[in-house]
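1. would you be able to build a 3D model of this:
(2 chains)
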Number of protein chains: 2
Amino acid sequence: MENSDPNSVGIVERKVFSFAGEGEDALKLDSGKILKNINLAYETYGHLNDDKSNAILILHALSGDAHVAGFNNSSDDKPGWWDNIIGPGKPLDTKKYFIICSNVIGGCAGSTGPSDINSETNKPYGLDFPFVTVFDMVRAQKKLIDNFGIEQLLAVIGGSMGGMQALVWAVENSVNVKGTVVIASTSSHSAQCIAFNEVGRQAILSDKNFQSGAYYDSDVTPQEGLSVARMIGHITYLSDESMGEKFGRKIQNFDGGETKNKQGYEYDLGVDTVFQIESYLRHQGATFNKRFDANSYLVITKAIDHFDLAKRYGNLEKAFEKVNSRVLVISYSSDWLYPTYHSKKIVKSMMKVGVDVSFSEIRTEKGHDAFLLEDKYLSGYLTAFLEALPERN
Amino acid sequence: MENSDPNSVGIVERKVFSFAGEGEDALKLDSGKILKNINLAYETYGHLNDDKSNAILILHALSGDAHVAGFNNSSDDKPGWWDNIIGPGKPLDTKKYFIICSNVIGGCAGSTGPSDINSETNKPYGLDFPFVTVFDMVRAQKKLIDNFGIEQLLAVIGGSMGGMQALVWAVENSVNVKGTVVIASTSSHSAQCIAFNEVGRQAILSDKNFQSGAYYDSDVTPQEGLSVARMIGHITYLSDESMGEKFGRKIQNFDGGETKNKQGYEYDLGVDTVFQIESYLRHQGATFNKRFDANSYLVITKAIDHFDLAKRYGNLEKAFEKVNSRVLVISYSSDWLYPTYHSKKIVKSMMKVGVDVSFSEIRTEKGHDAFLLEDKYLSGYLTAFLEALPERN
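-> Residues are numbered from 1 along each chain as shown, chains lettered A, B, ... in the order given. The predicted structure follows:
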């Protein structure tokens, strides 16, 4: 890590907020089930001002966590997932704003999820973890924000699944949000989105080591299934063009001209790596296993597949009638997971009911994952949007 | 089946052509390995005319086989895979043309493949089946055509992997082909194509019942892995739009209004079907197991991932310099597996070296699989292209 970097938040600590404990109200979920003894892992950067008007809540995507910026210890080789956006002097300037991000419930990075002990059985929840919706995730976040004594967030900002949460904040907690930023997201999953998630789930469920989700005390975990699920996901986060540019048909084990045959390919059916894209995806799959739990993957993909604002409120206009905040919607031209038409649908419905909404499609070949990368357009939009918010009543 | 349908080829028989047997030349593969005792399963419809000038070779896609039209027996409930195109009075009119289609080597529908006995071990090949290229597939087909005494095919026609074979026929056996039709295909797999195939292969290789490919004498086969691979493939054969239209967010087990909760969803994590698209894909995966062999899936996806005409000949122009036939290239606007730019690359290179090539992009929301569906534009192009061929020298 770069301890001396003036634009880094530096070493940050993961904290835990606990609620719904003994004597407190349990969290009632959309499914009707209740969840008790909930932990929310969270991080904060910057300082909450006296009138508590400078707080920004960051909402993470499927595989994200509370660690958005800085380093958790001095030997960290990688900063948080949005470090290019958050820090002193960065678009989400920690000299001005108090940044909060919490891991979603159902997750596996410190917040209550399937790997935690179910107090009714004294065993990890596994598949008994209740079905969680994006609305449930936001309900839990609201408790954290209330605990800070923050009545109104300056902004809620999220990409992908984080954008869904931002929409829910704007709709369900409209008086508590001044600005809403929805990046590379959707108001409901398309059949194609559901299809990819379903294949990932099937890969996990059919892994020989899945053990009906009760693998926490086992020597083996459904690594291969989760790896396949991650590989599928990863393809959808990139684009045909970006994969072509980055990998094309380059061969990984091409031995500098001394190839085994005139095509330079290994005529091998399964084991050896041939194309760089294959090696890259296998690596992505393998490393994902070190930081993610297969049961959480099931819980969270189900949550986003079921996310459907129009269905919940009758139609999108009815949903957005409640929105009080200013809204910024951003899409990426090569995002084929949530193509621009998903964003335009949100914007159109918001416009119809008079929401103060701005929209931009950023041209890029980077695909869905573009929202995680440094980009002068995104930075510019965020800076301008946030700077104008305090003036607004 | 419709025995009385005047536009059907009716009951057809699968035949087998054997070559490379005792005392005959073995087939030398691109890998340098040789393959002996080869069977090619094939079907023919119509009659070969006296000067053997009316033969059309159909080339099948990844999951296809030799059974292109008609019914194999009177209890068949489904005709061959291109029955809408082939038959008396249809675009490939069996009253005029002699139609041949053979299953590719490496396949699992009658031609020599991984499930056959390796004479060196007296056990099924499994993963010992040699690496096969699209060029090898065509080499074997050439033996079949030679056996018919056909010096020049009126046309070679194929979609998807069949289009790759058609290109190889046009390039490698240029004097033996009068017309070449390449539909929804490519001159080389993109990184994205390879990526999807690789995830499918990983799903198969990690199936607990894969048994290193030696599952033929086992009670269990890698059904779940093959099923996941097929599900992934199937998504790439459709389009965002067609899946949206056909399935959208429709719920499979919605019980006519008596839903368990206000969203009409089952809050269930894994087992129950919820969205129709999930049910559809699971069904596609399950039925594929009845007709396809996981080892063949590995062999054939590797073959198409390695297909790269430009790499083989130095560049595409050099490859196409050899083409002597007239060529028709067709793409589909919503095909995102082999998007139109793949076809245009072929057409552009052919034009540069003076190949007589026509091209059309057919507008459709049906995605890659559009080439298998009835379509008046495809029918019209095929009819016109074929009718003009006999005049050409």
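2. next, count neighbours for A:S75.
-> 7 (other CB atoms under 10 Å in any protein chain shown). Where you see a C-beta, it was placed from the backbone N, CA and C, and this is true even at glycine.
3. surely it forms part of a helix?
-> No - under DSSP: H, G, I helix; E, B strand; the rest coil, A:S75 falls outside any helix and is assigned coil.
4. my understanding was that A:H342 contacts A:H189; is that so?
-> No - the criterion here is CB atoms under 8 Å, and A:H342 misses it with A:H189 at 9.3 Å.
5. touching both of these two, which residues are there?
-> Counting by CB atoms under 8 Å, 6 or more residues apart in numbering or on different chains, A:H342 and A:H189 have no contacts in common.
6. next one: phi and psi at the residue positioned nearest the centre of chain A?
-> Central residue of chain A (CA atoms, centre = their mean): A:A61, 0.6 Å from the mean position. Phi and psi for A:A61, reported as degrees, to the nearest 10, are phi -90, psi 180.
7. sorry, back to before: which one of A:H342 and A:H189 has more residues nearby?
-> A:H189 (24 against 21).
8. nearest residue to that one in space, please, no chain neighbours.
-> Closest residue to A:H189 apart from its sequence neighbours, by CB to CB, 6 or more residues apart in numbering or on different chains: A:D305 at 5.2 Å.
9. quick one: residues contacting A:H47.
-> A:H47 is in contact with A:F98, counting by CB under 8 Å, 6+ apart.
10. from chain B, how far out is it?
-> With distances taken as CB to the nearest CB, to the nearest Å, A:H47 is found 40 Å from chain B.
11. one step back: what's the burial count for the residue nearest to A:H189?
-> A:D305 has 23 nearby residues by other CB under 10 Å.
12. would you mind measuring from it to A:S188?
-> 9 Å (CB to CB, to the nearest Å).
13. for the residue nearest to A:H189, grab phi and psi.
-> With angles defined as degrees, to the nearest 10, A:D305 sits at phi -60, psi -30.
14. contacts only, for it.
-> The contact partners of A:D305, by CB under 8 Å, 6+ apart, come to A:H189, A:C193, A:I194, A:N197, A:E198, B:V274, B:F275.
15. A:Y338 is in contact with the second one, correct?
-> Yes - A:C193 lies in contact with A:Y338 (CB under 8 Å); the separation is 7.5 Å.
16. coming back round to it: nearest spatial neighbour of the residue nearest to the centre of chain A, skipping sequence neighbours?
-> The shortest distance from A:A61 to any non-neighbouring residue, by CB to CB, 6+ apart, is to A:S160 (3.9 Å).
17. with A:C101 instead?
-> Nearest non-adjacent residue to A:C101 (CB to CB, 6+ apart): A:I58, at 4.0 Å.
18. and for the one you found, the neighbour number?
-> So A:I58, with other CB under 10 Å, has 29 neighbours.
19. now A:Y216
-> 17.
20. check contacts around it.
-> A:S115, A:P124, A:G126.
21. could you do A:A109 as well?
-> Taking CB under 8 Å, 6+ apart, we find A:A109 in contact with A:A41, A:D65, A:A66, A:H67, A:N103, A:R291.
22. kindly state the pLDDT recorded for it?
-> A:A109 carries a pLDDT value of 98.
23. and it, helix, strand or coil?
-> Per three-state DSSP, A:A109 ends up coil.
24. do you know how far it is from chain B?
-> On the measure of CB to the nearest CB, A:A109 and chain B end up 20 Å apart.
25. kindly report the same for A:E224.
-> 4 Å.
26. what's the answer for A:F359, then?
-> Distance from A:F359 to chain B, by CB to the nearest CB: 20 Å.
27. for the stretch 151-300 of chain A, which spans come out with low pLDDT?
-> A:253-273 (pLDDT under 70).
28. just the helices in it please.
-> Along the stretch 151-300 of chain A, counting by DSSP state H, counting those that start in this stretch, helices occupy A:161-172, A:191-205, A:223-237, A:240-246, A:276-291, A:294-306.
29. my read: A:I304 touches A:V132, true?
-> No - using CB under 8 Å, A:I304 is not in contact with A:V132; the gap is 10.4 Å.
30. more neighbours: which of these two?
-> A:V132 (31 against 22).
31. show me what contacts the more buried one?
-> A:L29, A:V104, A:I105, A:G106, A:V299, A:I300, A:K302, A:A303.
32. how about the nearest residue to it, chain neighbours excluded?
-> Using CB to CB, 6+ apart, the closest residue to A:V132 is A:G106 (4.1 Å).
33. around chain B, which positions in the stretch 101-250 of chain A sit nearby?
-> A:127, A:129-131, A:188-192, A:194-196, A:198-199, A:201-203, A:205-208, A:213, A:224-225, A:227-228, A:231-232, A:235, A:238-240, A:243-244, A:246-249 (CB under 8 Å from any CB of the partner chain).
34. ok, now with 6 Å
-> A:127, A:131, A:190-192, A:194-195, A:198-199, A:202-203, A:205-206, A:208, A:224, A:228, A:231-232, A:235, A:240, A:243-244, A:247-248 (CB under 6 Å from any CB of the partner chain).
35. can you tell me which of those are buried?
-> A:127, A:131, A:190-192, A:194-195, A:198-199, A:202-203, A:205-206, A:224, A:228, A:231-232, A:235, A:240, A:243-244, A:247 (16 or more other CB atoms under 10 Å in any protein chain shown).
36. can you pick the most crowded of the contacts of A:V132?
-> Most surrounded of those: other CB under 10 Å gives A:V104, at 33 neighbours.
37. common neighbours of A:I304 and A:V132, please.
-> Common neighbours of A:I304 and A:V132 are not found (criterion: CB atoms under 6 Å, 6 or more residues apart in numbering or on different chains).
38. please name the nearest non-neighbouring residue to A:Y338.
-> In space, A:Y338 is closest to A:T186, 4.5 Å off (CB to CB, 6+ apart).
39. mind checking how far stretch A:99-113 is from the chain centre?
-> Offset of stretch A:99-113 from its chain centre (CA atoms, centre = their mean, to the nearest Å): 10 Å.
40. before we move on, back to that, now the contacts of A:A109 as TSV including secondary structure and neighbour count?
-> Converted to TSV, the contacts of A:A109 look like this (DSSP: H, G, I helix; E, B strand; the rest coil; neighbours: other CB atoms under 10 Å in any protein chain shown):
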residue	secondary structure	neighbour count
A:A41	strand	21
A:D65	coil	24
A:A66	coil	26
A:H67	coil	25
A:N103	coil	27
A:R291	helix	10
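41. among the residues you listed, find the lowest-pLDDT one for me.
-> Within the contacts of A:A109, pLDDT is lowest for A:R291, at 95.
42. just the strands in chain A please.
-> Taking DSSP state E as the criterion, chain A carries its strands at A:15-19, A:27-28, A:34-35, A:38-45, A:55-59, A:86-87, A:92-93, A:98-102, A:117-118, A:123-124, A:153-159, A:177-183, A:326-332, A:357-362.
43. pass me the low-pLDDT residue ranges in the stretch 1-150 of chain A, would you?
-> A:1-3.
44. can you do 90?
-> A:1-5, A:77, A:119-120 (pLDDT under 90).
45. circling back: quick one: which of the contacts of A:V132 is nearest to B:G110?
-> Lowest distance from B:G110 to these (CB to CB) belongs to A:K302, with 42.0 Å.
46. quick one: pLDDT of that closest one?
-> In this model, A:K302 carries a pLDDT of 94.
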